[in-house]
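J.: fold the following and give me the result.
(chains A and B)
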Amino acid sequence: MAQSILKRIASGEKSAVQECLNAYGGLVWSLALRMLSNSEEAEDAVQEIFIDVWKNSERFDENQASETTFVAMIARRRLIDRLRKESRRPNIDSLEDILSEPENSDQDIQVCVEAKEAAQAMKNLRPEQRQVLHLSIVQGYSHQEISDALDMPLGTVKTHARRGLIQVREDLGLGDSENGKEVTA
Amino acid sequence: MTNEIKERMLELLSDQAIFDLNKEELMELEQLKNQFPDWVNNSSFELTAAAIGMSDVKLVVMPEKLRAKILSNAENYFSPEVVNSETNNRQSFGSLNTETVGINLEAAEKRPFWQWLGWGIAAAACALLAINLWATRFQPQQEIVKESKTIQTPTPELSILQRRDQLIAAAPDIVRTKLEPPKGEKNISGDVVWSNSLQKGYVTFHGMPVNNPAKATYQLWVFDETQNDKYPISAGIFDVNENGEVIVPIDTELKVKKPKMFAVTEEKPGGVVVSDRENLVAIAKV
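T.: Below is the predicted model:
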């Protein structure tokens, strides 16, 4: 079995950096464009994200998640940090547009097995759980903003989000009901 | 772990992955993780959120100009200087896991011979410097810091002084600031060196009073401009068992974004989560 790109970056194999860009450049760029307000800022963020990816390449464990999900996790954290730091809104036209189509489209490209499984797991959630998770994770809204938009108590927003995330985590096989040992990245 | 504690841990980890935590929640989570170390590095919630975030993404091709910038960043990031220093000190540069990376970008391969000669001379000079440091400054018997369990164990090959020197030499953004007692009443001096990009640093003390570990310990703190001053980031605890120069690594569990002050307090054995700052020993403003 071929060694992962990130392991090869960590061990110094030639050309792995370019392969990393070939494999995940589009994904990271797409996530940045979706979350941030303009392409200039997205460019800055993407550069930071790839430095984070290189820094953390040795932490990747292919037994726990796919390389794509690992890279997306690093990207998401960096993008959220940017949003929170500047107290800015994610890059969307209006909340009404989002609320009108909370479910994922089957026509969207799914970039890895986990993304496809996550999309399926989202469909299995209760509608309110799916809606809250979509607004928070996909669109980057804070719990307070979701509470205001949906006229839903803050505690209820959190409960829906937690239960939804825990359910998807179990559906993806990332969770263990007894302890936290099994997934570290 | 009781069901109640487990439920609370799941709640906090979920909230952290979805919304981020406020300061109080973050403190609570850190306390729980201290009790249950198996959960310290659990990323399953973050990975789940990442998978959901990808589930409806519409892929767009990255612009060629941006790709070129990132490749240029890679060339700088994996430069031989960084690789050499990382090779020598894997443990103390824990946030950078690139110790054996030899960059092989196309641009690098096309360098003329004289440029490679320059790198070769630089590498040889680094090796000589390392040998010189080892021969002249390696004095483990003078390391008088008894590091507690909460501070990462240093690599056995290099002294803490050598690791500090390496950080100063290798970090592109080293900050150095003077350490002094808060009101100047004690004869304590020293400095702090810190690299934000590497998230590593060292505090050097002179005149630090010896403490009795059974009664008290010293605790390091980092005040971050982006965080509430009420909750500085703990950077480890340490004891001083001899007079003289003391060097302590700055070991933060949380990422420091924009440090504005480093501080040392005297606390109860084992340290505290939140200091009342009654016994502030020294500070270093950035």
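
J.: how about residue B:236, secondary structure?
T.: Secondary structure assignment for residue B:236 (DSSP: H, G, I helix; E, B strand; the rest coil): strand.

J.: state the phi and psi torsions of the residue lying closest to residue B:255 once chain neighbours are set aside.
T.: With Cβ to Cβ, 6 or more residues apart in numbering or on different chains as the criterion, residue B:255 has its nearest non-adjacent residue at 6.5 Å, and that residue is residue B:199. From N, CA and C alone the C-beta is placed, and that goes for glycine too. The phi and psi values for residue B:199, taken as degrees, to the nearest 10, are phi 60, psi 40.

J.: what's the distance between residue B:199 and residue B:54?
T.: 27 Å (Cβ to Cβ, to the nearest Å).

J.: the two: which is more packed in?
T.: residue B:54 (31 against 18; other Cβ atoms under 10 Å in any protein chain shown).

J.: nearest residue to that one in space, please, no chain neighbours.
T.: residue A:115 (3.9 Å).

J.: now the residue minimising distance to the centre of chain B: how far from chain A?
T.: The centre of chain B sits closest to residue B:200, judged by Cα atoms, centre = their mean, with a distance of 3.1 Å. In this view, residue B:200 and chain A are 12 Å apart by Cβ to the nearest Cβ, to the nearest Å.

J.: bridging residues for that residue?
T.: Beta-bridge partners of residue B:200, counted by DSSP bridges, are residue B:195.

J.: where does it land on pLDDT?
T.: Per-residue pLDDT puts residue B:200 at 89.

J.: now do the one 4 residues further on
T.: Model confidence at residue B:204, expressed as pLDDT, equals 91.

J.: report how many residues lie close to it.
T.: 18.

J.: tell me the contacts of it?
T.: Residues counted as contacts of residue B:204 (Cβ atoms under 8 Å, 6 or more residues apart in numbering or on different chains) are B:164, B:179, B:190, B:191, B:192, B:193, B:245, B:246, B:247.

J.: need the helices for chain A, in chain order.
T.: Taking DSSP state H as the test, the helices found in chain A are A:5-11, A:16-35, A:39-55, A:67-85, A:95-100, A:113-123, A:127-133, A:143-150, A:154-171.

J.: so which elements touch the first one?
T.: In this case it means helix A:5-11. Judged by 3 or more Cβ pairs under 8 Å, 6 or more residues apart in numbering or on different chains; DSSP states H and E, the packing partners of helix A:5-11 are helix A:16-35, helix A:67-85.

J.: distance to residue A:138, mean neighbour count and mean pLDDT added to the ones you listed, as JSON lines?
T.: Output for those, formatted as JSON lines (distance: least, Cβ to Cβ, whole Å; neighbours: other Cβ atoms under 10 Å in any protein chain shown; pLDDT from 0 to 100):
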{"stretch": "helix A:16-35", "distance to residue A:138": "8", "mean neighbour count": "22", "mean pLDDT": "91"}
{"stretch": "helix A:67-85", "distance to residue A:138": "10", "mean neighbour count": "22", "mean pLDDT": "88"}
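
J.: quick one: end-to-end distance for stretch B:229-249.
T.: End-to-end distance of stretch B:229-249 (Cα to Cα, to the nearest Å): 22 Å.

J.: now it, how far from the centre of its chain.
T.: Mean C-alpha position of stretch B:229-249 versus that of the full chain (Cα atoms, centre = their mean, to the nearest Å) differs by 13 Å.

J.: for stretch A:147-164, same thing?
T.: 19 Å.

J.: over to stretch B:180-200?
T.: 15 Å.

J.: same deal with stretch A:9-18?
T.: 24 Å.

J.: check for me that residue B:265 belongs to a strand.
T.: Yes - with three-state DSSP as the criterion, residue B:265 is located in a strand.

J.: neighbours of it, how many?
T.: For residue B:265, the neighbour count with other Cβ under 10 Å is 23.

J.: leaving out the residues flanking it, which one is nearest to it?
T.: In space, residue B:265 is closest to residue B:275, 4.9 Å off (Cβ to Cβ, 6+ apart).

J.: state the distance from the residue nearest to residue B:255 to residue A:118.
T.: Distance, residue B:199 to residue A:118, using Cβ to Cβ: 31 Å.

J.: so which bits of stretch A:115-131 are buried?
T.: Buried residues in stretch A:115-131, defined by neighbour count with 16 or more other Cβ atoms under 10 Å in any protein chain shown: A:115, A:117, A:118, A:119, A:121, A:122, A:125, A:128, A:129, A:130, A:131.

J.: from those residues, which one has the minimum pLDDT?
T.: residue A:115 (83).

J.: isn't that one right next to residue B:51, touching?
T.: Yes - applying Cβ atoms under 8 Å as the test, residue A:115 and residue B:51 come out as touching, 5.6 Å apart.

J.: what about the helices of chain A, which gets the closest to residue B:160?
T.: helix A:39-55 (23.2 Å; Cβ to Cβ).

J.: okay, the angle between the closest one and helix A:67-85?
T.: Compare the direction of helix A:39-55 with that of helix A:67-85 by axes from the mean of the first three to the mean of the last three Cα atoms, to 10 degrees and you get 130 degrees.

J.: for helix A:39-55, packing partners?
T.: So helix A:39-55, by 3+ Cβ pairs under 8 Å, 6+ apart, packs with helix A:16-35, helix A:67-85, helix B:64-77.

J.: can you put these in TSV and add distance to residue A:152?
T.: As requested, these are exported to TSV (distance: least, Cβ to Cβ, whole Å):
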stretch	distance to residue A:152
helix A:16-35	23
helix A:67-85	21
helix B:64-77	39
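
J.: pull stretch A:12-22 out as PDB, backbone CA atoms only.
T.: Extracted in PDB, the C-alpha atoms of stretch A:12-22 (Å, rounded to 0.1, in the frame of the first residue of the first chain):
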ATOM      1  CA  GLY A  12      11.100  14.000   3.500                       C
ATOM      2  CA  GLU A  13      10.100  12.200   0.300                       C
ATOM      3  CA  LYS A  14      10.600  14.100  -2.900                       C
ATOM      4  CA  SER A  15       7.700  15.800  -4.600                       C
ATOM      5  CA  ALA A  16       5.200  15.100  -1.800                       C
ATOM      6  CA  VAL A  17       4.700  18.900  -1.200                       C
ATOM      7  CA  GLN A  18       3.500  19.300  -4.800                       C
ATOM      8  CA  GLU A  19       1.400  16.100  -4.600                       C
ATOM      9  CA  CYS A  20      -0.200  17.600  -1.500                       C
ATOM     10  CA  LEU A  21      -1.100  20.700  -3.400                       C
ATOM     11  CA  ASN A  22      -2.400  18.600  -6.300                       C
END
